[in-house]
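Peer 1: Provided below for reference: sequence and predicted model.
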Amino acid sequence: DAGVTQSPTHLIKTRGQQVTLRCSPKSGHDTVSWYQQALGQGPQFIFQYYEEEERQRGNFPDRFSGHQFPNYSSELNVNALWLGDSALYLCASSLGYSGSYSGELFFGEGSRLTVL
Amino acid sequence: AQRVTQPEKLLSVFKGAPVELKCNYSYSGSPELFWYVQYSRQRLQLLLRHISRESIKGFTADLNKGETSFHLKKPFAQEEDSAMYYCALSPRNDYKLSFGAGTTVTVRA
């Protein structure tokens, strides 16, 4: 099991552009969460997807949107990029609402976005 | 609102010495509390959670509801404990985690 996989690992965009990040959850997991980690900070919760619907959302603007596919993989989209969006974006999977709660999130290695 | 504070950005100890990482939280209900760890060139992973009341790699963490703290301790630090440690909180039966800013631990030989 490869665990949680994310792509791309690094990317560079310019202000105003749009970006799409991708995530495949750990085998057997049905819930995907996205986190933003700025330099020197802990991860911040963006949103969580289960059964192809956004279930919870953190304090992020509507420029941040996502999607979950029937195979449980997920995308994070950010529109109108600005410098402050430069960060490591982490995907985490879990066996969420359909399974017994374990409390453990399994993280990917992240996608590092640089906005110039 | 839920908030996690880790007052120490950096912590340096000698091998064999005790190490304690501080974590304070604010939350209106009864939260779940966790310690996550990131070793060099590895992904973020769960170290322990308060409900389990277990010792992982010699680390323990006690939830003090009166002081709203969840400090991580190990009596004898090892070089392989050098890593970034994050304290995290979530509502009960919820995977929406709030993380602290993290503490970098360096264990010197």
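Peer 2: On my side now, so go ahead.
Peer 1: would you say residue B:51 is within a helix?
Peer 2: Yes. Checked against DSSP: H, G, I helix; E, B strand; the rest coil, residue B:51 lies within a helix.
Peer 1: and it, how far is that from residue B:31?
Peer 2: To residue B:31, residue B:51 is 11 Å away according to CB to CB, to the nearest Å. C-beta here means a position set from N, CA and C on the backbone, and glycine is covered the same way.
Peer 1: Give me the next element, helix or strand, following the helix or strand hosting residue B:71.
Peer 2: Element membership for residue B:71, per DSSP states H and E: strand B:69-74. Later in the chain than strand B:69-74, the nearest helix or strand by DSSP H and E is strand B:83-90.
Peer 1: can you tell me if the next helix or strand after that next one touches chain A.
Peer 2: Of the helices and strands lying after strand B:83-90 in sequence (DSSP H and E), the nearest is strand B:98-99. Yes. Using CB under 8 Å from any CB of the partner chain, we find that strand B:98-99 touches chain A at B:98-99.
Peer 1: what distance separates the start and the end of stretch A:101-109?
Peer 2: End-to-end distance for stretch A:101-109, by CA to CA, to the nearest Å: 23 Å.
Peer 1: Stretch A:51-63 too?
Peer 2: One end of stretch A:51-63 sits 22 Å from the other (CA to CA).
Peer 1: gap between it and the chain center?
Peer 2: 10 Å (CA atoms, centre = their mean, to the nearest Å).
Peer 1: Show me what stretch A:12-24 is in contact with.
Peer 2: Outside stretch A:12-24, the residues that touch it by CB atoms under 8 Å, 6 or more residues apart in numbering or on different chains are A:2, A:4-8, A:11, A:32, A:34, A:72-83, A:89, A:91, A:93, A:108, A:111, A:113-116.
Peer 1: per-residue pLDDT, the residue nearest to residue B:40 when sequence neighbours are not counted?
Peer 2: For residue B:40, the nearest residue in space outside its immediate sequence neighbours is residue B:83; the separation is 7.1 Å by CB to CB, 6 or more residues apart in numbering or on different chains. Per-residue pLDDT puts residue B:83 at 98.
Peer 1: which residues does residue B:83 contact?
Peer 2: By CB under 8 Å, 6+ apart, the contact set of residue B:83 is B:37-40, B:104-105.
Peer 1: where's it relative to chain A, distance?
Peer 2: From residue B:83 across to chain A, the span is 14 Å (CB to the nearest CB, to the nearest Å).
Peer 1: Would you mind measuring from the residue of chain B found nearest chain A to residue A:35?
Peer 2: Closest residue of chain B to chain A, CB to the nearest CB: residue B:99 (3.2 Å). Separation of residue B:99 from residue A:35 (CB to CB) stands at 8 Å.
Peer 1: No further queries at this time; thank you.
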